[in-house]
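**Student:** Provided below are the primary sequence and the corresponding predicted coordinates.
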Amino acid sequence: MDKRITVPAVRAMKGVKRIGMITAYDYPSAKVADAAGSDIILVGDSLGMVVLGYPDTLSVTVDDMLHHTRAAVRGASHALVVGDMPYLSYHVSIEESVRNAGRFIQAGAHAVKVEGGKPSRIRVIEAILDAEIPVMGHIGLTPQSVNTLGGFKLQGKNLDDAHRLVDEAQALDQIGCFAIVLECVPSELAAMITERVSVPTIGIGAGPACEGQVLVFHDLLGIYDGHTPKFVRRYANIADDMRAAIEHYLADVRDGSFPDDAKESFHAASADELRALYGEGVVIEMPKAK
């Protein structure tokens with residue numbers, strides 16, 4: 001594996017190399033994603049739904065994110081690790097926003113991701129950048145705005161919204177974001193934005209014109225067998241294998257075939273050791289399977 005991918009290296013991939021990004025939430029998943037050659041690992045606030053069982057991302061705290069970021073960082077030796085700033089971590093004040101972003105860097109992340117591109121958000125991102133913290137932008141469907149948007153819906157469908165997203169992307173580009181995530185926007189709009197910004201665009205439900213793509217580790221591997229968004233391509237159905245393996249284990253426990261007395265159990269080295277442990281004349285019998 002080559003040396004660690006850096007923020008300047010990602011920026012330089014614009015028009016040169018398509019970027020593969022995986023959203024992963026812990027040490028084992030980040031380790032697998034890293035070994036497979038991921039350019040970027042995003043520790044996404046979608047962990048609220050995928051890992052913590054929340055109905056959306058709004059309940060996720062900075063402490064939740066930092067805990068998972070530290071774990072993912074320990075699993076990634078090659079990929080750039082981006083920490084997703086959760087709801088209310090950059091919405092209250094600029095000073096608090098910068099401090100929270102800095103906590104991600106102290107936790108080992110190499111950059112943070114911030115949702116939105118309206119003027120008030122631009123000011124916050126500028127302050128984070130001024131603190132020497134790289135920022136990945138994110139526009140289109142921004143899950144932390146789900147209540148304002150009225151649900152998880154395609155964005156940029158009408159002319160006004162499309163113009164707004166183009167303006168937001170260009171503003172994020174101009175202030176210095178090193179990449180921009182485009183989520184759930186029409187493919188044609190994503191292509192237009194990609195042409196008009198100087199940094200890579202990374203799509204999720206935004207069509208093939210984006211210069212990178214991101215999917216959640218659990219989605220692309222089929223670890224859950226529930227609803228699959230239209231933009232997800234499943235490359236495996238690991239949930240079926242996991243369930244079958246656990247069912248097999250439980251059956252072996254219940255019929256007494258696990259653990260095997262010879263292969264999966266430990267025994268005293270000699271009769272003398274048994275006598276020393278349990279005393280003379282003690283007979284030890286293995287329990288019989290029921």
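**Tutor:** That came through, no problem. Because the structure is predicted, anything quoted here is derived from the model rather than measured.
**Student:** now the helices for the protein?
**Tutor:** For the chain, the helices defined by DSSP state H occupy 7-11, 27-35, 47-50, 62-75, 94-106, 119-130, 146-149, 159-175, 187-196, 217-220, 238-255, 271-278.
**Student:** which one of those helices lies closest to Ser265?
**Tutor:** Nearest of these to Ser265, taken as C-beta to C-beta: helix 238-255 at 13.7 Å. Every C-beta, even on glycine, is put in place using the N, C-alpha and C of the backbone.
**Student:** What residues of the closest one count as buried?
**Tutor:** In terms of neighbour count (16 or more other C-beta atoms under 10 Å), helix 238-255 has its buried residues at Ile238.
**Student:** how distant is that helix from the center of its chain?
**Tutor:** Mean-position distance between helix 238-255 and its chain equals 27 Å (C-alpha atoms, centre = their mean, to the nearest Å).
**Student:** quick one: average pLDDT of it?
**Tutor:** Helix 238-255 shows a mean pLDDT of 96 in the predicted model.
**Student:** do stretch 204-220 as well
**Tutor:** Stretch 204-220 carries an average pLDDT of 97.
**Student:** What of stretch 4-20?
**Tutor:** pLDDT averaged over stretch 4-20 gives 98.
**Student:** can you list the residues that contact that stretch?
**Tutor:** 37-40, 77-80, 110-111, 134, 178-179, 198-200, 202, 211-213 (C-beta atoms under 8 Å, 6 or more residues apart in numbering).
**Student:** Give the ChimeraX command for selecting the buried subset of these.
**Tutor:** Remark: buried members of the contacts of stretch 4-20, expressed as a ChimeraX selection using 16+ other C-beta under 10 Å:
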select :38,39,40,78,79,80,110,111,134,178,179,199,200,202,211,212,213
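**Student:** follow-up on the earlier one: could you dump the helices of the chain to a markdown table with distance to Ser265?
**Tutor:** As requested, these are arranged in a markdown table below (distance: least, C-beta to C-beta, whole Å):
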| stretch | distance to Ser265 |
| --- | --- |
| helix 7-11 | 51 |
| helix 27-35 | 27 |
| helix 47-50 | 37 |
| helix 62-75 | 32 |
| helix 94-106 | 46 |
| helix 119-130 | 56 |
| helix 146-149 | 52 |
| helix 159-175 | 60 |
| helix 187-196 | 58 |
| helix 217-220 | 35 |
| helix 238-255 | 14 |
| helix 271-278 | 15 |
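**Student:** mean pLDDT for these: which is lowest?
**Tutor:** helix 271-278 (a mean of 76).
**Student:** Quick check: which helices or strands does it pack against?
**Tutor:** Contact partners of helix 271-278 among helices and strands, from 3 or more C-beta pairs under 8 Å, 6 or more residues apart in numbering; DSSP states H and E: none.
**Student:** what does the model give the closest residue to Thr142 other than its chain neighbours for pLDDT?
**Tutor:** Excluding the flanking residues, the one nearest Thr142 by C-beta to C-beta, 6 or more residues apart in numbering is Glu115, at 4.0 Å. Glu115 is assigned a predicted lDDT (pLDDT) of 97.
**Student:** show me the contacts for Glu115.
**Tutor:** Glu115 sits next to 85, 121, 138-139, 142-145 when contact means C-beta under 8 Å, 6+ apart.
**Student:** Give me the domain ranges for the chain.
**Tutor:** Split into domains by automatic domain parsing, the chain comes to 7-220, 238-290.
**Student:** Relative to Thr228, which of those domains is closest?
**Tutor:** Evaluated over the domains of the chain, closeness to Thr228 peaks at domain 7-220, with 6.9 Å, by C-beta to C-beta.
**Student:** Can you report how many residues neighbour the nearest residue to Pro143 once chain neighbours are set aside?
**Tutor:** Excluding the flanking residues, the one nearest Pro143 by C-beta to C-beta, 6+ apart is Thr57, at 4.8 Å. Neighbourhood size, Thr57 [other C-beta atoms under 10 Å]: 22.
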